[in-house]
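Q: Fold the following and give me the result.
(2 chains)
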2 protein chains.
Amino acid sequence: MATARQYLQFDKAFPMRRGGSLHAAQIAYETWGELSPERDNAILIFTGLSPSAHAASSALDCSAGWWEDMVGPGRPVDTRRFFVVCVNSLGSVFGSTSPASINPQTGQPYRLGFPILSVEDIARGGYEVIQSLGISQLQCVIGPSLGGMTVLAFAALFPEASRNLISISGAARSTPFTIALRSLQREMIRKDPAWLNGNYSVDAVPVEGMRLARKLGMITYRSAKEWLLRFGRERASVEHKPDDPFSIDFEIEAYLESHASKFVGQFDPNAYLFLSRAMDLFDLADHGEGSLAEALKRFKINSALIIGVETDLLFPIEQQQELADGLESAGREVKFARLNSLQGHDSFLVDMDQFRPLIGDFLRGL
Amino acid sequence: MATARQYLQFDKAFPMRRGGSLHAAQIAYETWGELSPERDNAILIFTGLSPSAHAASSALDCSAGWWEDMVGPGRPVDTRRFFVVCVNSLGSVFGSTSPASINPQTGQPYRLGFPILSVEDIARGGYEVIQSLGISQLQCVIGPSLGGMTVLAFAALFPEASRNLISISGAARSTPFTIALRSLQREMIRKDPAWLNGNYSVDAVPVEGMRLARKLGMITYRSAKEWLLRFGRERASVEHKPDDPFSIDFEIEAYLESHASKFVGQFDPNAYLFLSRAMDLFDLADHGEGSLAEALKRFKINSALIIGVETDLLFPIEQQQELADGLESAGREVKFARLNSLQGHDSFLVDMDQFRPLIGDFLRGL
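A: Just a heads-up that it's a prediction; the model follows:
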């Protein structure tokens, strides 16, 4: 299959925020649209935890992207007007350097020897890509979920690098509730005997641990209300195994099972562990001497669109409100959208009828 | 240590709602206070998933019970006025017959050969205990969580057996969200290689699976808001292991770890599986030909106190409201208390300042 994927290869060591550095690292990215002669029409997109840089289809890769309805000609992120770049996060496995990559110093995969990953490192990966493309200032930097955190890290580290930002279901820091959930997901993988302290081979990954972790993710990405309407107490059509009283019985169990199976094999378990921990560790207040208000004051953006969803369990609406209030107090122009979407944290992937006009209007107004 | 535990032994087979029966089964229970000569001052308490019948201390067992602040002389469930009975749920391991008990027909533990457990079976266990004590009608039947479900099953199966009821953070049926969570908890245990399809020995139980399941339970029993106030982003005082980037770092991780360790060894994994599935299967509408409204109409109680907590993730306030509304529509006298306690589903064990007066006032008014 044709690929639209491009790579930025680093000649110099890539310094990691919490110590250590990566040698011969690379960041995978895709682009859509044309960069203007003034190089002033660029938008950078950071992703959530699991997607690649393939946000949308293009002539080079006609497969649908993870945000297909949002990015393209005539779409809200309009590639007739904007030059759009989406990066695969540093630490992720779709072309960027990750714990599954070969460490050139040892000839072996990094595995647990990968330096501790920070959201700031992911932000720097995106920054280096736009620098390499000759873009000194973006029109807008956009990201949902982990990408929303990355947008904030980007604005803190590189205050001149974007005129505007859109944070969708992101957070200025992780709460103990989400740290607990992610810690448990990591433990599910680490307690799988096949994990082998990170030294599994590619044909014998800790499948069971990954399946459990993915199921917990799926439970927290949606909302109880959506599932009540969608599944209720419907029974699964799969055959209930008479010799196993705990086999799949309800439709919701069959749904989780089929989706978890799809995920396993697509994502390297060690990479998942590092990205998950990076979210725990992120605290925007680190960029304001411990004060979130101070960190937000140092942003140099003109305007921000903060989108939150009332049914989001993981990045609750209060965190979006806090972010919007903090930016407003810092004198920025802020549009805060509080959506009643049913699909919880995942709404930005599903409830396109609400998300498209919000993002389209904001970008048209720039 | 002295014990206040008593047993009801069944001479006849105990019929199980979803098929099969138990031979030589028993129910463990404790009592407090004195039964009046008219036998009309009794209260029956059903428990949540994990406690024993030891709700409170007594002369025979001075150790604190799981609801010590609620039950006793001068306390809201006043043992100077009421004769109080608390039963260990059928299927639980604190004296009642469970999957860990010896099946007299084989001489071996039941394990997965235990018949499918229903909330209705637990209700029947309590009913048989009060019958054996010569009590034909209770003043009140009370239960939190699984106990709240059991109270509803009790009122449906034995409409004349209690004049009043208190359901605390219970539910008329499980939602797909809670089914998903419990299904995942069970899978954590079943995927532990030590589970051995239920055939583990008592000195080699599936410890890791139980720890993971308990941690997920703890995450869902409390509220994100409580943890934010209590733990914030505090770091653990335990030594961070430098060779393991995923060892405990945040205080919330240390908290989960220490509590999960306490739980393991106290509860038989197979018993946990059966009790957990019983909650999924419960649907009060089964007692009204598929209609919850119809099932509630058949209750013969005079009055009900329904208590719910706004921060409860598992048995959300909407389910409490639905129950209160349904009972009111059925012509019962209902007091619905909507509490703003921070401690989520566990509030009835913690936020005693709100729960004590509610329950005390209701019982004084009978």
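Q: can you pull out the helices in chain A?
A: Along chain A, counting by DSSP state H, helices occupy A:119-132, A:146-157, A:176-190, A:207-221, A:224-230, A:251-263, A:269-281, A:292-297, A:317-329, A:347-350, A:352-364.
Q: and these, which is most packed in?
A: For the helices of chain A, average neighbour numbers computed from mean count of other C-beta atoms under 10 Å in any protein chain shown are highest in helix A:146-157, which has a mean of 27. In this view, the C-beta of every residue, glycine as well, is placed from N, C-alpha and C.
Q: which secondary element of chain A has the worst mean pLDDT?
A: Ranking every helix and strand in chain A by mean pLDDT, DSSP states H and E puts helix A:251-263 at the bottom, with a mean of 92.
Q: anything in that helix near chain B?
A: Yes. For helix A:251-263, a contact with chain B is found by C-beta under 8 Å from any C-beta of the partner chain, at A:251, A:252, A:253, A:256.
Q: I'd like to know which of those residues is nearest to residue A:323.
A: If you rank the residues of helix A:251-263 next to chain B by distance to residue A:323 using C-beta to C-beta, residue A:256 comes first, at 31.0 Å.
Q: now that closest one, nearest residue through space, not along the chain?
A: What sits nearest to residue A:256 in space, not counting adjacent residues and going by C-beta to C-beta, 6 or more residues apart in numbering or on different chains, is residue A:215, at 4.8 Å.
Q: And the one you found, how close does it get to residue B:216?
A: As judged by C-beta to C-beta, to the nearest Å, residue A:215 and residue B:216 stand 10 Å apart.
Q: intersection of neighbour lists for these two?
A: Between them, residue A:215 and residue B:216 share these contacting residues under C-beta atoms under 8 Å, 6 or more residues apart in numbering or on different chains: residue B:184.
Q: Does residue A:326 touch residue A:296 like I think?
A: Yes. Using C-beta atoms under 8 Å, residue A:326 is in contact with residue A:296, at 4.3 Å.
Q: Any residues of the stretch 201-350 of chain A in contact with chain B? List them.
A: Applying C-beta under 8 Å from any C-beta, one finds that the stretch 201-350 of chain A approaches chain B through A:208, A:212, A:215-216, A:219, A:223-224, A:227-228, A:230-233, A:244-246, A:249-253, A:256, A:273-274, A:277, A:280, A:283, A:313, A:316.
Q: If I look at the residue nearest in space to the middle of chain A, what pLDDT would I see?
A: For chain A, the residue nearest the mean C-alpha position is residue A:48 (1.4 Å; C-alpha atoms, centre = their mean). You'll see residue A:48 listed with a pLDDT of 98.
Q: mind showing which ranges of chain A have poor pLDDT?
A: Applying pLDDT under 70 to chain A picks out residues A:1-2, A:239-240, A:242.
Q: do that again at 50, thanks
A: For chain A, no stretch is flagged by pLDDT under 50.
Q: what residues are up against the residue in the stretch 1-150 of chain A positioned nearest to chain B?
A: Here the stretch 1-150 of chain A gets closest to chain B at one residue, residue A:116, 5.8 Å apart by C-beta to the nearest C-beta. Contacts for residue A:116 (C-beta under 8 Å, 6+ apart) come out as A:16, A:18, A:19, A:20, A:274, A:277, A:281, B:245.
Q: wait, what's in contact with the closest residue to the third one other than its chain neighbours?
A: Read it as residue A:19. Among residues not flanking residue A:19 along the chain, residue A:115 sits closest, at 6.2 Å (C-beta to C-beta, 6+ apart). Contact partners of residue A:115, counting by C-beta under 8 Å, 6+ apart, are A:16, A:18, A:19, A:20, A:21, A:22.
Q: about what we covered before: out of the residues of helix A:251-263 next to chain B, which comes closest to chain B?
A: residue A:252 (4.0 Å).
Q: The closest one and residue A:227 touch, don't they?
A: Yes. Applying C-beta under 8 Å as the test, residue A:252 and residue A:227 come out as touching, 6.2 Å apart.
Q: Overlap in contacts, the two.
A: Common neighbours of residue A:252 and residue A:227, counting by C-beta under 8 Å, 6+ apart, are B:176, B:180.
Q: circling back to that earlier point, you'd agree the residue nearest to residue A:256 is up against residue B:187?
A: Yes. Using C-beta under 8 Å, residue A:215 is in contact with residue B:187, at 7.5 Å.
Q: on that earlier part again, the least confident helix or strand of chain A to helix B:269-281, inter-axis angle?
A: Relative orientation of helix A:251-263 versus helix B:269-281 (axes from the mean of the first three to the mean of the last three C-alpha atoms, to 10 degrees): 120 degrees.
Q: wait, what's in contact with the closest residue to residue A:227 other than its chain neighbours?
A: What sits nearest to residue A:227 in space, not counting adjacent residues and going by C-beta to C-beta, 6+ apart, is residue B:176, at 4.1 Å. With contact taken as C-beta under 8 Å, 6+ apart, residue B:176 is in contact with A:224, A:227, A:228, A:230, A:231, A:232, A:233, A:250, A:251, A:252.
Q: Of the residues you listed, which pair is most distant in space?
A: Longest span within the contacts of residue B:176, C-beta to C-beta: A:224 and A:251, 15.1 Å.
Q: Now do the same contact list for the closest residue to residue A:297 other than its chain neighbours.
A: In this structure, residue A:297 finds its nearest non-sequential neighbour in residue A:330, 4.4 Å apart by C-beta to C-beta, 6+ apart. For residue A:330, the contacting residues are A:293, A:296, A:297, A:299, by C-beta under 8 Å, 6+ apart.
Q: Tell me the one among these nearest to chain B.
A: residue A:293 (16.1 Å).
Q: and the nearest residue to the closest one once chain neighbours are set aside, what does it touch?
A: Using C-beta to C-beta, 6+ apart and skipping the chain neighbours, the partner closest in space to residue A:293 is residue A:326 (5.7 Å). Contacts for residue A:326 were tallied using C-beta under 8 Å, 6+ apart; they are A:172, A:292, A:293, A:296.
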